[in-house]
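Trainee: below are the sequence and a predicted model; questions follow.
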Amino acid sequence: MRAPHLRHLVMAVVVGVVGVAGTTAAYGQTPAAPPPSPEPIGPRLGVQGLGFVGLDFPRAEQSVEALGLDKRQLEAGGGVRVTNLWRALFVDVHASRWSTSGERAFVDSTGEAFPLGIPLDIDATHVDVSVGWRFYPRNRRTIRTAVPYVAGGAGVVRYREESPFAEPGDDVRTSSTTYHVALGFDYPLNRWLAIATDARYRFAPDIVGDDGVSSVFEEDDLGGFQLSVGVRFGFGGAAPATPPPPAAPDEPARRPDFINPAPPPVDAQIGTVTTDAPIYLLPDRTRVPLRVLESGTSVRVLDQIEGWYRVEFRDPQFGTRTGYVEIKFVRR
């Protein structure tokens, strides 16, 4: 009777040892590292130049009218902007100037102005320093997407009034600190060029009003609205691509509705893109495009898959690449 009991005991010990060894090995293994998440394609530091023309509407309307000046002054200027300092934060320097001519006037106690026939030249030069935020659109399909922004800051204005044969103290040359708020948007034409619009309101107190017509009307602020349109040039202006949101943990990652690992080959032919078209790494519209092929781009058609061409194209940044573009965008 002892032999069977001994045999059963040995078998139980062997099974226990094997189980413990298997458990220890399982716990001792290093868990597989999760696949690295794709690096988001976000905004990068950019530098842009600006040239613009616009209209300035001075706040001292009564003084402007009494001196025979136009209430809308043509303004021109330019600037430099550094974008994406932190996320969508930017800083820019914006300089502009307007000038006009009228004549000196006398204003009586009733507020009626009488021109004196003395020519008067006036000009104002503004330099604004702004800090602002750009609102990049989400889920963009093309780089040609308007990018609005808001900004605010301070600056300086230099103001001048001059007349020929002026008496001492008649001419004015002064400068003062100004403050402003602005909003606008840029519409990229490509990665280097954009149409820019801007609307800003300036506060420029204590520039005029000490004497002359402005003192009669008690107008001391040379600020007002300024509307402009211009062209931005440089890099960092187009809206950045954003990665697609990750799939929910309880849902499998979405895949294309069709899978064809070996598409039937076709003879390689040259095609032409008929309109701006996104090109993808895989035939899937839900992905972020590799880039947007501009109208007129020549491509080499390699394969055809149910509404898609696999083409070879010239990427100005990375050289020759291949990708998928919808058939409706290519003429062969």
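Mentor: Thanks, I have the structure now.
Trainee: low-confidence stretches in the stretch 51-200 of the chain?
Mentor: Counting by pLDDT under 70, the ranges of the stretch 51-200 of the chain that qualify are 62, 68, 108-111, 139-143, 165-169.
Trainee: for it, which segments count as helices?
Mentor: 61-66 (DSSP state H, counting those that start in this stretch).
Trainee: where do the strands sit along it?
Mentor: 73-83, 89-107, 113-134, 147-162, 172-188, 193-203 (DSSP state E, counting those that start in this stretch).
Trainee: what's the angle from the third one to strand 89-107?
Mentor: Orientation of strand 113-134 against strand 89-107 (axes from the mean of the first three to the mean of the last three Cα atoms, to 10 degrees) gives an angle of 170 degrees.
Trainee: who are the contact partners of residue 324?
Mentor: 279-284, 305, 308-311 (Cβ atoms under 8 Å, 6 or more residues apart in numbering). Glycine gets a C-beta too; all of them are placed from N, C-alpha and C.
Trainee: same check, this time on residue 234
Mentor: 46-49, 192.
Trainee: how about the host helix or strand of it, which residues are buried there?
Mentor: Using DSSP states H and E, residue 234 sits within strand 224-235. By neighbour count on 16 or more other Cβ atoms under 10 Å, the buried set for strand 224-235 is 224, 226, 228, 230-232, 234.
Trainee: ok, now stretch 281-297?
Mentor: 283, 287-293, 297.
Trainee: need the CA coordinates for it. CSV is fine.
Mentor: Taking only C-alpha atoms (Å, rounded to 0.1, in the frame of the first residue of the first chain), the coordinates of stretch 281-297 have been written out as CSV:
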residue,chain,number,x,y,z
LEU,A,281,-1.1,56.9,-47.8
LEU,A,282,-4.0,54.4,-48.1
PRO,A,283,-7.3,54.6,-50.1
ASP,A,284,-9.2,55.9,-47.1
ARG,A,285,-10.8,59.4,-46.9
THR,A,286,-10.8,59.4,-43.1
ARG,A,287,-7.1,59.6,-42.9
VAL,A,288,-5.0,62.8,-42.8
PRO,A,289,-3.8,63.4,-46.4
LEU,A,290,-0.1,63.3,-47.2
ARG,A,291,-0.6,66.6,-48.9
VAL,A,292,-3.0,68.4,-51.3
LEU,A,293,-2.0,68.1,-55.0
GLU,A,294,-2.6,71.4,-56.8
SER,A,295,-4.6,71.5,-60.0
GLY,A,296,-2.4,70.8,-63.0
THR,A,297,0.0,68.5,-61.1
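Trainee: average pLDDT for it?
Mentor: Throughout stretch 281-297, pLDDT has a mean value of 90.
Trainee: how many neighbours does residue 221 have?
Mentor: 18 (other Cβ atoms under 10 Å).
Trainee: just the pLDDT for it.
Mentor: In this model, residue 221 carries a pLDDT of 77.
Trainee: likewise residue 261?
Mentor: Value listed for residue 261 in the pLDDT field: 43.
Trainee: swap in residue 40?
Mentor: 42.
Trainee: re the thing from before, what's the closest of the strands of the stretch 51-200 of the chain to residue 326?
Mentor: strand 172-188 (22.7 Å; Cβ to Cβ).
Trainee: quick one: buried residues of the closest one?
Mentor: In strand 172-188, counting by 16+ other Cβ under 10 Å, buried: 172, 178, 180, 182, 184-186, 188.
Trainee: which of the contacts of residue 234 fall in helices?
Mentor: Among the contacts of residue 234, no member falls in helices (DSSP state H).
Trainee: Three-state assignment for the closest residue to residue 176 other than its chain neighbours, please.
Mentor: Leaving aside its sequence neighbours, residue 176 sits nearest to residue 207 (Cβ to Cβ, 6 or more residues apart in numbering; 5.2 Å). On the three-state scheme (DSSP: H, G, I helix; E, B strand; the rest coil), residue 207 is labelled coil.
Trainee: picking up where we left off before, out of the strands of the stretch 51-200 of the chain, nearest to residue 58?
Mentor: strand 73-83 (6.7 Å).
Trainee: can you redo the strands of the stretch 51-200 of the chain as TSV with distance to residue 270?
Mentor: Rendered in TSV, the data for the strands of the stretch 51-200 of the chain read as follows (distance: least, Cβ to Cβ, whole Å):
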stretch	distance to residue 270
strand 73-83	38
strand 89-107	42
strand 113-134	39
strand 147-162	35
strand 172-188	29
strand 193-203	28
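Trainee: hang on, the earlier thing: tell me which of the contacts of residue 234 is nearest to residue 86?
Mentor: Nearest to residue 86 among these, with distances taken as Cβ to Cβ, is residue 46, at 13.0 Å.
Trainee: and that closest one, how many residues sit next to it?
Mentor: Residue 46 has 18 nearby residues by other Cβ under 10 Å.
Trainee: residue contacts, it?
Mentor: Contacts of residue 46 (Cβ under 8 Å, 6+ apart): 82-84, 234-237.
Trainee: let's see that with 7 Å instead.
Mentor: 83-84, 234-237 (Cβ atoms under 7 Å, 6 or more residues apart in numbering).
Trainee: measure the closest residue in space to it that isn't next to it in sequence to residue 130 for me?
Mentor: Once flanking residues are discounted, residue 46 sits nearest to residue 236: 1.0 Å by Cβ to Cβ, 6+ apart. Applying Cβ to Cβ, to the nearest Å, the value for residue 236 to residue 130 is 16 Å.
Trainee: thank you kindly, that will do.
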